[in-house]
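S.K.: turn this into a structure:
(chains A and B)
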Amino acid sequence: MTEFLQFLFSGLTVGAIYALVAVGFTLIYSSSDVINFAQGEFVMIGGMATYVLAAAGVPLPIASLLAVVIAVAVGLLLHRLAIEPARDASAVTLIIITIGASILLRGVAGVAIDKNFHSLPPFLGAEPWLVGGAAILPQSVIVLFGAGIIVLLLWLFMSRTLYGKATLATAANRMAARLVGIDTSRVVMLSFAISAAIGAVGGILVTPIVLTSYDVGTLLALKGFAAAMLGGIGNPVGAIAGGLLLGLLEAFGAGYVSSSYKDAIAFMLILAVLFALPQGLFGRSTIERV
Amino acid sequence: MQDATARLVGNRHAALMAIVAILLLLPLVAPSLFYLRIATLVFIFALAVLGLNLLMGFAGQVSLGHAGFFGVGAYAVAVGPTHLGLPAWASLLAGAALAGVLAFVVGRPILRLKGHYLAVATLGMGLLIGMVFTNEARWTGGPDGMPVARLVLLGWTVRGTQTWYWISGATLALGVLIAINLIDSPTGRAFRAIHDSETAAAVLGVDVARYKLIAFVLSAVYAAVAGAYLALFDGLVTPGTAGFLRSIEFVAMAVMGGLGSIFGSIVGAALLTVLPQVLTVFHDYEQIALGTIMVLFMIFLRAGIVPTVAALMDRAPP
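M.R.: Take a look at the predicted model:
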């Protein structure tokens, strides 16, 4: 039981980060059909920029805030300079653009900061809490709460504000949204900004536990993409469920089966899910017009 | 002149002639063996990308896991002679066959998926294959990889950059010839019909599942042969050979060169093989330069280099 709790908490912590990356994928995808493989780089920017600013003597809360602002600025630049000029291009062309952008961002971080691993001090101390015999880092709890608050804020934004409703409308039907006067290219811009902010916050929350470096984004993008697809692309609830599920699969797979094959277990289950439900767990089947 | 060049770029058989011409002329003008070494790498990667292009550019099915098949070929020529006592040439053939069988078995269920779901499934498949190479250290040497014995054909040991230049170049030319003939066959037309619309193809009587599977198996065999060549040429395999980044690189080569363009596969492979060599002069700024170039190419030549250039030449007045 102790073991089970331990795996459960570590799985949920990692899963929360995957979920945030997956939500970022989903937001950008539903407003623009772009699969943004630079999504992991926002997480990297969040962690790395906070580390640099904190090391320069900026208090941690302000450093975190500035890091989010930097990530949002990068997200907006990415949209303006790389996505917008190629908005009529095919999906696969856009994917290569975002991969190019992620290589570029990694390169910039490697040059501007360095190529070492960095950490941040835990927000509530490093002493683990004991729950049912399992040791839980306070930071893990912060990650889970942080992710929960982000999801809640996002939901409020989507359902209560005009911009949020415009985003939903664009996701539902871009042509119809444009016809009722929604500036869809602005909605896409907004979704890049929000995705960048979500990724950066995730990066800041998780850095005290898992460390950060200039190249952590690749693996996170891969896992986040897998999580988003597992849940069913374009569905935020699916993205969150997919992320948490992927984190749990990895933790339990590593704990009970084999740590060197933990990714294998996760991906085999993803394949199994997709064979049974080709649209992901929460995806709706679409009808193709010929 | 422009017209002639346009026809040269657009005509598939002309692409084959261009490759043969490059193959024959390059050794005459290359200042050192280093250039032939790079050219050999281009030929090897182009072979893998050509196969991927048949799948992506013609049949319209994405794969983010082709480095897995590439790795199957590479590890076959490493493991076969070392652990099973097979000669290297037999291991190469066995590796290609194994990749084909693997693609056949995995392809049935995977190819039912569409678009990004197919992308994530192939990505998972590639990662699974790569993980086997990393973790089965008793057979594969684990994360450090393992050495590969030289290829021996009829008592002749194949070694040296020049020898591999000719072997890989000739194999690429053969691969191009096969691809060209395939594209102009009923199978190739079925691929393109599926690419345009699966439903429409099915309505017209094309066995969609079967032709997708043919494209998948074929592209896996191309990748495995290329992987075996790279391992024999380098004398070493590591799990990085079959890594996720290699898969992404293949896709980037195919897309940047031009999906659906045979010559594009070679141009794409050449670009992304030569660029990192050239960009080493930028030292730390190498990744920045590479990323920027990828983004700019895709914004301005969004259909890929070869198709865009061909279209421009078509439009230009004679």
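S.K.: tell me if I'm right that B:Gly258 and B:Gly264 touch.
M.R.: Yes. With contact defined as C-beta atoms under 8 Å, B:Gly258 reaches B:Gly264; the gap is 3.0 Å. Quick note: C-beta positions are derived from backbone N, CA and C, even for glycine.
S.K.: what sits in contact with each of the two?
M.R.: By C-beta atoms under 8 Å, 6 or more residues apart in numbering or on different chains, B:Gly258 and B:Gly264 have these common neighbours: B:Gly57, B:Gly304, B:Ile305, B:Val306, B:Pro307.
S.K.: neighbour-wise, which of these leads?
M.R.: B:Gly304 (29 neighbours; other C-beta atoms under 10 Å in any protein chain shown).
S.K.: more crowded one of B:Gly258 and B:Gly264?
M.R.: Using other C-beta under 10 Å, the more surrounded residue of B:Gly258 and B:Gly264 is B:Gly264, with 30 against 24.
S.K.: just to be sure, the more buried one is in a helix?
M.R.: Yes. Membership of B:Gly264 in a helix is supported by DSSP: H, G, I helix; E, B strand; the rest coil.
S.K.: who are the neighbours in contact with it?
M.R.: Per C-beta under 8 Å, 6+ apart, neighbours of B:Gly264: B:Asn53, B:Gly57, B:Ala254, B:Gly257, B:Gly258, B:Gly304, B:Ile305, B:Val306, B:Pro307.
S.K.: can you lay out those as a markdown table showing pLDDT?
M.R.: Below are these laid out as a markdown table (pLDDT from 0 to 100):
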| residue | pLDDT |
| --- | --- |
| B:Asn53 | 94 |
| B:Gly57 | 90 |
| B:Ala254 | 93 |
| B:Gly257 | 92 |
| B:Gly258 | 90 |
| B:Gly304 | 88 |
| B:Ile305 | 89 |
| B:Val306 | 88 |
| B:Pro307 | 88 |
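S.K.: and these, which of them are in helices?
M.R.: With helices taken from DSSP state H, the overlap with the contacts of B:Gly264 comprises B:Asn53, B:Ala254, B:Gly257, B:Ile305, B:Val306, B:Pro307.
S.K.: select the longest helix from chain B.
M.R.: Criterion DSSP H: the longest helix present in chain B is helix B:208-234.
S.K.: buried ones in that one?
M.R.: B:208, B:211-234 (16 or more other C-beta atoms under 10 Å in any protein chain shown).
S.K.: next: stretch B:186-205.
M.R.: Within stretch B:186-205, the residues that count as buried by 16+ other C-beta under 10 Å are B:Thr187, B:Gly188, B:Ala190, B:Phe191, B:Ala193, B:Ile194, B:His195, B:Glu198, B:Ala201.
S.K.: just those residues: which are in helices?
M.R.: Those of these mapping onto helices are B:Thr187, B:Gly188, B:Ala190, B:Phe191, B:Ala193, B:Ile194, B:His195, B:Glu198, B:Ala201, per DSSP H.
S.K.: got CSV for those, with distance to B:Ala74 and pLDDT too?
M.R.: Listed next are those as CSV, based on distance: C-beta to C-beta, whole Å; pLDDT from 0 to 100:
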residue, distance to B:Ala74, pLDDT
B:Thr187, 28, 90
B:Gly188, 28, 90
B:Ala190, 31, 91
B:Phe191, 27, 91
B:Ala193, 34, 90
B:Ile194, 30, 90
B:His195, 29, 88
B:Glu198, 33, 85
B:Ala201, 34, 89
